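Student: Predicted structure and sequence below. I'll ask about it afterward.
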Amino acid sequence: PVALGNDFLEITVCPESGGITSLIDKASGKDLVPEGEVLGVIQREQEVPHGMTAWQLAPIAERVEPLAGATLDMVSEGPNVAAVRLSSKHNGSEYALNIRVLAGVPRIDFELNVNWLERGDPRTGVPALRVSFPLNVSDGAANFEIASGHIEREADGEEVPALNWADLTGEMEDGTIAGATLVNDCKYGHQAFE
């Protein structure tokens, strides 16, 4: 594992797990990653074959984490940027996930580059990618950006549309209020779980 940090956050990136195993908010000293979970883990899913694949999600028949056991490389160790890259292959597809923290910015940047060579068909179903950001909170309020505003929805695991961001804020075990906002530039389906 490798530790990266700035004035606001300290994260531990674990190549065996394929993501962040600890995210410490320096102001509170709290770890926002639930024990045994991985933040920012890439999941390659295979939907059960069904009609209308462009409009409806089917149950997931298979889920693998292609970056579990990845190669970890330091990309930057400077005073302004600290970054690592997790790299791996699965089913012929190549994955490279850059995880970066910047000095003076309370944010973690994730940049995924994939050479996607997955194919689906009516017999095997449709392959897809998902990323998971489990948070150490309960009784959460999930908010999603929509056209001209935002909307609060149940954190019940139902996939819902959102534009550029989704937020989950709730209580930690000791009653502390905590949460995170996912800012996204390419996917419009989001799920929030408690």
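Tutor: Arrived safely, thanks for sending.
Student: how about the chain, which residue sits the furthest from its center?
Tutor: Computed with CA atoms, centre = their mean, the residue of the chain farthest from its C-alpha average is residue 123, at 29.2 Å.
Student: now that residue: how far from residue 48?
Tutor: 11 Å (CB to CB, to the nearest Å). (C-beta placed from N, C-alpha, C; glycine too.)
Student: Check residue 190 too.
Tutor: For residue 190, the distance to residue 48 - CB to CB - is 21 Å.
Student: more neighbours, these two?
Tutor: Neighbours per residue, other CB atoms under 10 Å: of residue 190 and residue 48, the larger number sits with residue 190, 20 against 13.
Student: quick one: the more buried one and residue 159 touch, right?
Tutor: Yes - counting by CB atoms under 8 Å, residue 190 touches residue 159, with 7.0 Å between them.
Student: ok, which stretches of the protein are helices?
Tutor: Taking DSSP state H, the chain contains no helices at all.
Student: what pLDDT does the residue lying closest to the residue farthest from the centre of the chain once chain neighbours are set aside get?
Tutor: Spatial nearest neighbour of residue 123, excluding adjacent residues (CB to CB, 6 or more residues apart in numbering): residue 49 at 6.3 Å. With respect to pLDDT, residue 49 scores 90.
Student: could you check the distance from residue 49 over to residue 58?
Tutor: Taking CB to CB, one finds residue 49 at 7 Å from residue 58.
Student: Need the residues touching each of the two.
Tutor: Overlap of the contact sets of residue 49 and residue 58 (by CB atoms under 8 Å, 6 or more residues apart in numbering) consists of residue 125.
Student: What sits closest to residue 34 if chain neighbours are left out?
Tutor: residue 136 (4.6 Å).
Student: Which residues belonging to stretch 107-126 are considered buried?
Tutor: For stretch 107-126, the neighbour count (16 or more other CB atoms under 10 Å) marks 108, 110, 112, 125, 126 as buried.
Student: How about stretch 91-103?
Tutor: Counting neighbours by 16+ other CB under 10 Å, stretch 91-103 gives 93, 95, 96, 97, 98, 99, 100, 101 as buried.
Student: Please apply the same query to stretch 146-164.
Tutor: Applying 16+ other CB under 10 Å to stretch 146-164 flags 153, 155, 160, 162 as buried.
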